[in-house]
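Peer 1: Below are the sequence and a predicted model for it; my questions follow.
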Amino acid sequence: MDINWLEDFVCLARTLNFTRAAEERNITQSAFSRRIKALEIWAGAPLIDRTSFPAKLSTAGEEFLPTAKTIVKQLLEARDDMRARDRGGLKFYAFAAPHSISITHLAPLLHKLQGALSIRSRVMSDNLHTCCQLVSEGVCDFLVCYRHPHIPITLDEQLFKRLDLGREHLIPITVPDALGDPKWLLPGDRKAPLPKLAYAKGSFLGAVVDHLLNNQRAALDVRHVDAFAEALKSLALEGQGIAWLPEQSVASSLAQGELVRAGTEQWDAPLTLSIYAAVDSLDPAGLKIWDFFSSLAKG
C-alpha cells in the first residue's frame, strides 16, 4: 500500500476527472491511472465506474472513500505533528481559498498573520465548491472566500463560524481605446452585442455575474468561457472583450490605464471577503489564528 494511491483516489473522488486529478497530483494521466488501478488491485474490487462519463465512484468506491479520507488525514496529521515537534512544536494550518482570492487577498493576510504569530501555513486553491468540501471534510482548517447576498455557498453555516474581513466589488472592465475611453461600454446595442468573457458554468463569480445581468439589460455575446478570473483578466488585457473581475485584482491595471471600467457603478456586484472555521474544533494555536482574524474583522 502506498499513501500516494489513497491521496490519488481521494483527489479523483473530489474532481471526478482523471485529467484534472492527474494535474493536481502533478503526475501524468497514464501514471495516475496506473496508481488508481494498483489501489483497486490491492482493494480487490473496482473503485471507479469507468462505464460512465464523467467518471464516478463504484459502490465499493463510495464505501471505501470515508476510510481513505480518514487514513490520509490521520497519516498527514501524524507526519505534521512529528515534523512540528522536530521544529519546536509548530504545526501547519491549512487554508482553502478559490484561485481568485489566494494571491490577491490570502497571501497578504497570511503575511500579516505570520508577522503576528509563529505559525506555519499551507494553502489549497480550487473552485469554491471544492474549497467548501475541503473545510467540511476537515482537510483544511480555514476557508477564505467571497460571499454575495443572493448566491449561497455549499457550507453548513450552522457548523462553521464566519468573520467578514472586507468588502469590494466585481466590476466590468475592458481595454481603453486610443483616446483612453472604454473600447466597449455597457449596456451595448442589440445590433452589435459587446464581446463578453464569461466564467464557467457553476462557478461562484459566474453566478454573481448572472444574477447581476438578470436584473440589468445588456447586449452581450459570449466569446470565451474560463473557470479562472486571472485567465479572463489576461484575455481582457489583450482586448478580447469585457470581463467582470474583483476590483482588487485589477486595481494595478486600472491605475496604470491598461484597463478601464466598461460601465458605471450600476454594473458592479457587491462581494464580501469572509473567513470560516469550525471554531469548536480548533486547537489553542488555531484559536489564536481565529482571534487574529477576529481583530482584523473588528478593525
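Peer 2: All right, it came through fine. Numbering: from 1, shown residues only.
Peer 1: what packs against the top helix by length along the chain?
Peer 2: Counting residues, the longest helix in the chain under DSSP state H turns out to be helix 59-86. Secondary-structure packing of helix 59-86 (3 or more CB pairs under 8 Å, 6 or more residues apart in numbering; DSSP states H and E): helix 3-15. For the C-beta atoms, the positions are set from N, CA and C on the backbone; glycine is no exception.
Peer 1: circling back to that earlier point, the longest helix of the chain to helix 3-15, inter-axis angle?
Peer 2: Taking axes from the mean of the first three to the mean of the last three CA atoms, to 10 degrees, one finds that helix 59-86 is oriented at 120 degrees with respect to helix 3-15.
Peer 1: for the record, mean pLDDT for helix 59-86?
Peer 2: Per-residue pLDDT values across helix 59-86 average out to 79.
Peer 1: where's that helix relative to the chain centroid, distance-wise?
Peer 2: Centroid displacement of helix 59-86 relative to its chain, using CA atoms, centre = their mean, to the nearest Å, is 22 Å.
Peer 1: Over to stretch 256-271?
Peer 2: 22 Å.
Peer 1: ditto for stretch 50-68
Peer 2: When distances are taken as CA atoms, centre = their mean, stretch 50-68 is centred 24 Å away from the chain's centroid.
Peer 1: This structure: helices as residue ranges?
Peer 2: Counting by DSSP H, the chain has helices at residues 3-15, 18-24, 29-43, 59-86, 99-101, 107-116, 128-136, 204-214, 229-237, 251-255, 284-298.
Peer 1: Going by mean pLDDT, which of these comes out lowest?
Peer 2: Lowest mean pLDDT of the helices of the chain: helix 59-86, a mean of 79.
Peer 1: that older thread, nearest to P176, of the helices of the chain?
Peer 2: When the helices of the chain are compared by CB to CB, helix 251-255 sits nearest P176, at 10.3 Å.
Peer 1: Pull the residues that contact that closest one.
Peer 2: Helix 251-255 has contacts (CB atoms under 8 Å, 6 or more residues apart in numbering) with I173, K233, L237, L259, V260, R261.
Peer 1: Can you tell me which of the residues you listed is nearest V144?
Peer 2: For these, the residue nearest V144 by CB to CB is K233; the value is 19.7 Å.
Peer 1: Let me see the contact set for that closest one.
Peer 2: Taking CB under 8 Å, 6+ apart as the contact definition, K233 lies against A243, L245, S249, V250, S253.
Peer 1: Quick check: L259 vs C11, distance?
Peer 2: Counting by CB to CB, to the nearest Å, the gap from L259 to C11 is 35 Å.
Peer 1: So these two - more neighbours on which side?
Peer 2: Taking L259 and C11 together and counting by other CB atoms under 10 Å, L259 has the greater number of neighbours (23 against 19).
Peer 1: My guess is that one contacts V250. True?
Peer 2: Yes - using CB atoms under 8 Å, L259 is in contact with V250, at 5.6 Å.
Peer 1: Give the residues shared as contacts by the two.
Peer 2: With contacts taken as CB under 8 Å, 6+ apart, the residues that reach both L259 and V250 are I173.
Peer 1: Tell me which residues of stretch 190-204 come out buried.
Peer 2: Residues of stretch 190-204 classed as buried: L194, P195, K196, L197, A198, Y199, S203, F204 (neighbour count, 16 or more other CB atoms under 10 Å).
Peer 1: my bad, stretch 133-142
Peer 2: For stretch 133-142, the neighbour count (16+ other CB under 10 Å) marks Q133, L134, V135, S136, V139, C140, D141, F142 as buried.
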